[in-house]
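J.: one predicted model, sequence on top.
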Amino acid sequence: MAFYRAQPSYMYPAVPFTGEIQGGLQDGLQITVNGCVHPGASRFAVNLQAGFSENNIAFHFNPRFEQGGYVVCNTKQNGQWGTEERKMSMPFQKGVPFELCLLVQSSHFTVTVNGNFFVQYPHRVPFTSVNAISVTGSVQLFYITFKPSGSGHANLNPVTPTVLPSTAQSPQMFPTPGIPPTMYPSPTYPMPYFSSIPGGLHPSKSIIVVGTILPSAKRFHINLRSGSDIAFHLNPRFDENAVVRNTQVKGKWGSEERQLLRPMPFRRGQGMLVWIMCDSYCFKVAVDGQHLLEYNHRLKNLAAINNLEVDGDVQLTHVQA
């Protein structure tokens with residue numbers, strides 16, 4: 001029996017995403033997709049397919065948040081969809097991280113979501129034809145891992161995502177990602193929220209904040225702190241229709257930055273997913289998967305920026321620090 005080496009993981013790939021499955025599917029291979037559904041999502045899809053086109057999809061897994069929520073499974077051969085299989089339940093929640101596992105077995109795919117069995121899907125075409133995975137729709141990806149049959153752990157060494165050249169990509173904010181995020185089971189967080197950032201910040205370090213903005217919200221803020229100083233103050237203000245950024249040193253604020261290249265992305269009563277990536281010269285901020293702004297470092301000692309604070313008119317559902 002030939003030794004099968006675990007494929008390196010895809011880390012923080014931009015969506016839409018298409019990546020190679022090295023060596024194709026094999027009996028016993030488990031593919032794990034970790035991500036977070038966008039707060040305003042209508043649907044997303046994970047496809048196991050032959051090649052980098054969408055003409056031949058062995059397994060189409062398609063959660064849809066319409067009509068109370070359901071999941072469509074199907075197969076496409078030579079550009080033609082087969083008969084849909086629908087499961088009228090929804091294991092995913094908007095604005096909440098998930099773990100989706102696809103296990104290849106001799107006669108079917110077995111799907112689990114957050115460790116719970118969800119569905120089996122019988123093979124309609126030989127699974128050995130599959131050599132790519134694609135993800136589309138309203139979802140943010142943290143990582144995709146591959147664990148061959150009999151192996152203890154997936155290989156978390158990052159690789160550069162292989163993407164379909166003709167597919168428009170969201171801005172790739174996180175070219176050199178760090179450790180996969182920790183998932184928190186708690187549905188809500190106490191406010192104000194404080195958390196340490198072990199080891200402080202460094203280039204490629206990401207901070208993720210997911211929650212729901214209160215219907216009557218006036219303001220909230222996300223602070224990255226260095227001791228008593230605030231290295232980065234991100235402050236959406238609904239009463240001013242602005243996203244204010246600033247730094248506070250020894251109790252004194254610096255000059256505010258307010259300019260945005262696109263309209264205010266936060267909405268009262270709506271969910272939000274804020275992703276802050278520390279680069280060598282700035283913070284890069286994305287909201288709901290779309291790049292919003294950059295903020296040049298004013299405090300240069302990144303390792304000393306080791307605390308996260310969130311407060312204001314928002315309810316948190318997930319934090320990675």
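T.: In hand now; what should we look at?

J.: which outside residues touch stretch 190-204?
T.: Outside of stretch 190-204, the residues within contact range by Cβ atoms under 8 Å, 6 or more residues apart in numbering are 174-178, 205, 207, 224, 277-280, 302-312, 314-316, 319, 321. For glycine as for every other residue, the C-beta is placed from the backbone atoms N, C-alpha and C.

J.: correction: stretch 40-54
T.: Identification of contacts with stretch 40-54 by Cβ under 8 Å, 6+ apart yields 18, 21, 25, 31, 33, 37, 56-66, 76, 94, 100, 102, 109, 127, 129-139, 164, 270-271, 288.

J.: filter the residues you listed down to the buried ones, PyMOL style.
T.: Command for PyMOL, covering only those of the contacts of stretch 40-54 found buried under the criterion 16 or more other Cβ atoms under 10 Å:
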select buried, resi 18+21+25+31+33+37+56+57+58+59+60+61+62+63+64+65+76+94+100+102+109+127+130+131+132+133+134+135+136+137+138+139+164+271+288
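
J.: show me where pLDDT drops low in the stretch 1-150 of the chain?
T.: 1-6, 149-150 (pLDDT under 70).

J.: can you give me the strands in it?
T.: With DSSP state E, counting those that start in this stretch as the criterion, the stretch 1-150 of the chain has strands at 9-11, 17-20, 30-37, 44-49, 57-64, 70-77, 80-81, 85-87, 97-104, 108-113, 116-122, 132-137, 139-147.

J.: so where do the helices sit in this structure?
T.: Using DSSP state H, no helices are found in the chain.

J.: domains of it?
T.: 9-159, 193-320 (automatic domain parsing).

J.: how long is the shortest one end to end?
T.: One end of domain 193-320 sits 12 Å from the other (Cα to Cα, to the nearest Å).

J.: hey, what's residue 102 bridged with?
T.: The partner list for residue 102 in beta bridges (DSSP bridges) reads residue 31, residue 111.

J.: quickly note the distance from it to residue 244.
T.: 43 Å (Cβ to Cβ, to the nearest Å).

J.: same deal with residue 26?
T.: Going from residue 26 to residue 244 by Cβ to Cβ gives 52 Å.

J.: before we move on, back to that, want to throw the strands of the stretch 1-150 of the chain into a markdown table with distance to residue 296?
T.: Shown next, in a markdown table, are those (distance: least, Cβ to Cβ, whole Å):
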| stretch | distance to residue 296 |
| --- | --- |
| strand 9-11 | 25 |
| strand 17-20 | 29 |
| strand 30-37 | 27 |
| strand 44-49 | 34 |
| strand 57-64 | 39 |
| strand 70-77 | 44 |
| strand 80-81 | 49 |
| strand 85-87 | 48 |
| strand 97-104 | 30 |
| strand 108-113 | 40 |
| strand 116-122 | 44 |
| strand 132-137 | 32 |
| strand 139-147 | 25 |
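
J.: what's the burial count for the residue nearest to residue 311 when sequence neighbours are not counted?
T.: Excluding the flanking residues, the one nearest residue 311 by Cβ to Cβ, 6 or more residues apart in numbering is residue 192, at 3.7 Å. Around residue 192 sit 13 other residues, with neighbours defined as other Cβ atoms under 10 Å.

J.: again, but for the one 5 residues further on
T.: When counting by other Cβ under 10 Å, one arrives at 18 neighbours for residue 197.

J.: next: residue 268.
T.: Other residues close to residue 268 by other Cβ under 10 Å number 12.

J.: again, but for residue 29
T.: There are 23 residues near residue 29, going by other Cβ under 10 Å.

J.: contacting residues around the closest residue to it other than its chain neighbours?
T.: With Cβ to Cβ, 6+ apart as the criterion, residue 29 has its nearest non-adjacent residue at 4.7 Å, and that residue is residue 104. With contact taken as Cβ under 8 Å, 6+ apart, residue 104 is in contact with 25-31, 127.

J.: who touches the closest residue to residue 48 other than its chain neighbours in this structure?
T.: Spatially, and ignoring its direct neighbours in sequence, residue 48 is nearest to residue 59 (4.4 Å; Cβ to Cβ, 6+ apart). Contacts for residue 59 (Cβ under 8 Å, 6+ apart) come out as 47-48, 73, 75, 102, 109, 121, 130.

J.: at 6 Å what do you get?
T.: 48, 109, 121 (Cβ atoms under 6 Å, 6 or more residues apart in numbering).
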